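Trainee: Next one to model:
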Amino acid sequence: MGAEHLSKRAELASGSAKVKDDELVLETAGGEQVSVLLPEQWTGIFDLHHAFPGRARGDQREFLLAATIQDAAQLRKLPEDAELRRRLGDRDVLPVPDDVQRNVLASVLSDHYWIQPPLSGGRSRPFAFPFHAAISGNYKPPGQYKMYRSDILLFLCWDGREFDRAPLEALCKLLSDSDALTLLDEVLKDAAEHTRGDDAVSEISADALLDSTQAKKVRGYLAGGAFHQPALDRFRHDLITALGMGLPRHDRVEAAILTLSLHLALYYYEVSYLLGAGLDAATHAAAGTAPPPSAPFTGLLRFRVGAAGDRPVRRKDGCAAAWRHLDDQYLISLVPNIGTANLLHQVWRTARPAEAPANTDPAALTAALVGDAGLQELIDMAAGALAIAYAGARMDKTDSELSAMATSAQPGIYLLRSTIHDHLRKELHYRTRAVVNQLVKRPFGGSLIRKRGPVLFFELDEELLFLLVKFVLQRNQATELPFRQFLAGLAAYGLAPQDRREEDELAETLERLGMLHRYSDAGEAMYVRHLL
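Mentor: Below you'll find the model as predicted:
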């Protein structure tokens, strides 16, 4: 594992380091000795369960609700909904008197309810919509689900002490409600129940979801607190708001999907930024230099408005620069940053168990490093040694390559991050960017990310803007807000127009949609309101 080269790295720190019985043994120049257990399976360092309940890969965002229904129903293996589609033509499944009418009705149901939403950069799979417990509870969407199950909904509904029942109950009620179904909805629902026979599921409850294995798992992950509770608090409030809007059932289901998708995408960006910026600061602190001032996530995601017609975009535009900053610099590095932060936290907890928190927290580590020369030396030495151990175990580095790492003058944390990043380079897209793209990058409808030619950028479309106006107003307990105050509300989500001209474009778009009233052209005399 490159153990013979660890001492060379240690010489740079005027200490010593060696591997003994799968332990990294460190000794600083000040005489402090620490033994850190090396991971048997280095892949285990890439979980940050108090920030993410699982390791997601990109999949259709609509399946988030289907997986939640199945977990709440505590279901066994299910047939795909293509089986229900096929069985619509069977006798006694549909309420019609003859074969001709049965074939016509089966064709209508198939064409109307099996949808295939457009995706950017991939082909989506058709599935039965709208989601109802009697449909998704008896038949699963096609393919192998890869993003999240109900664990992500439960995770986002954590209030800091326990799961908040209110949004869970509201969602389960919507997904089980049959009163608001259309006649065709009822026919499809009844067909799903009939074809499943005595084992058919007709409704789900929050009690069942809270008693599921997914809930037990998430409770354990959050026993020591969430990585970033404010984002979870926003989601819980906004999901209740979305489910309470005076919309037809189909639209409320879609609003629930979009609310979950938008919040989860913003959460990925925010956690990636906080984790990456925290490690940036820790790198400075471990080197004995003052960490750069920490910039909050507020307003960092600069967007342009998705107005009617196509608009040119340049790489230097704020919306494109913001995408490169957040996506290229932080989101794509989320997995290596998790691994680095976990390894550093293990060293800290081993060396200073009384001061290190239970959960990985780079910001807390940075604060501890400032002014503590002994900890600075220890963390820098350990990070460099761990980089060599990782490279030797996972990357098949040659002796000369390991020697070059050992004699590198790079800060230890930087060396560890870059080593892990280089090793995982080919799969980083699928664990981060692909997930976010599936949530909010669409040719149309509920999108925040767009691509025009070679340029990727943030563009907030009207569908998500409709929701955000409602969320900001509801959070301020207001029926209307001054435009400037509305912008401050968007900034709390990390969102901001890319420049002053885009603020004017946003105001014009809101006015065209009937959600802004001008008493004059001054920002203080423009009020944002909602249609519902």
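Trainee: So what does the residue lying closest to residue 63 once chain neighbours are set aside look like in phi/psi?
Mentor: Counting by Cβ to Cβ, 6 or more residues apart in numbering, residue 63 lies nearest to residue 141, which is 5.1 Å off, once chain neighbours are set aside. In short, each C-beta sits where N, CA and C put it, glycine included. When read as degrees, to the nearest 10, the backbone of residue 141 gives phi -60, psi 160.
Trainee: ok now do residue 141, which residues does it touch?
Mentor: 60, 62-63, 66, 80-81, 125, 127-128 (Cβ atoms under 8 Å, 6 or more residues apart in numbering).
Trainee: In strands, which of those residues fall?
Mentor: Within these, residues falling in strands by DSSP state E are 127-128.
Trainee: any idea which of the contacts of residue 141 is closest to residue 510?
Mentor: Using Cβ to Cβ, residue 62 is the member of the contacts of residue 141 that lies nearest residue 510, at 27.6 Å.
Trainee: got a list of what the closest one touches?
Mentor: 117, 127, 129, 131, 141, 257.
Trainee: circling back to that earlier point, report the lowest-confidence entry in the contacts of residue 141.
Mentor: In terms of pLDDT, the lowest of the contacts of residue 141 is residue 125, showing 86.
Trainee: in the longest helix seen in the chain, what's buried?
Mentor: Taking DSSP state H as the criterion, the chain has its longest helix at helix 249-286. Under the neighbour-count criterion of 16 or more other Cβ atoms under 10 Å, helix 249-286 has 249, 252-286 buried.
Trainee: Likewise for stretch 44-59?
Mentor: 45-54, 56-59.
Trainee: end to end, how far does that stretch reach?
Mentor: 23 Å (Cα to Cα, to the nearest Å).
Trainee: please begin residue numbering at 17 from this point
Mentor: With the count now opening at 17, the last piece we talked about shows up as stretch 60-75.
Trainee: Run the chain-centre distance for that stretch.
Mentor: 9 Å (Cα atoms, centre = their mean, to the nearest Å).
Trainee: What separation is there between residue 434 and residue 396?
Mentor: According to Cβ to Cβ, to the nearest Å, residue 434 and residue 396 sit 15 Å apart.
Trainee: Same question for residue 132.
Mentor: 53 Å.
Trainee: So between the two, which is more surrounded?
Mentor: Counted by other Cβ atoms under 10 Å, residue 132 and residue 396 do not tie: residue 396 has more neighbours, with 27 against 11.
Trainee: Return the mean pLDDT over the strand or helix carrying that one, rounded to an integer.
Mentor: Using DSSP states H and E, the element containing residue 396 is helix 389-410. For helix 389-410, mean pLDDT is 90.
Trainee: shaky segments in the stretch 117-266 of the chain?
Mentor: 136-138 (pLDDT under 70).
Trainee: mind redoing it with 80?
Mentor: Along the stretch 117-266 of the chain, segments meeting pLDDT under 80 span 135-139, 146, 160-161.
Trainee: Please, where are all the helices along it?
Mentor: 149-152, 166-172, 181-192, 199-212, 222-226, 229-237, 245-259, 265-302 (DSSP state H, counting those that start in this stretch).
Trainee: Counting by contacts, list what the helix or strand following the longest one packs against.
Mentor: This points to helix 265-302. Under the assignment DSSP H and E, the closest C-terminal helix or strand after helix 265-302 is strand 317-321. The criterion is 3 or more Cβ pairs under 8 Å, 6 or more residues apart in numbering; DSSP states H and E, and the helices and strands that strand 317-321 contacts are helix 334-339, strand 471-476, strand 511-513, helix 516-528.
Trainee: quick one: average pLDDT of the second one?
Mentor: Read it as strand 471-476. Here the average pLDDT along strand 471-476 is 96.
Trainee: Export the helices of the stretch 117-266 of the chain as TSV, with columns for distance to residue 535.
Mentor: Below are the helices of the stretch 117-266 of the chain laid out as TSV (distance: least, Cβ to Cβ, whole Å):
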stretch	distance to residue 535
helix 149-152	47
helix 166-172	38
helix 181-192	36
helix 199-212	44
helix 222-226	44
helix 229-237	48
helix 245-259	27
helix 265-302	30
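Trainee: residues near residue 491, how many?
Mentor: 16.
Trainee: quick one: contacts for it?
Mentor: Counting by Cβ under 8 Å, 6+ apart, residue 491 has contacts 250, 253-254, 505, 508.
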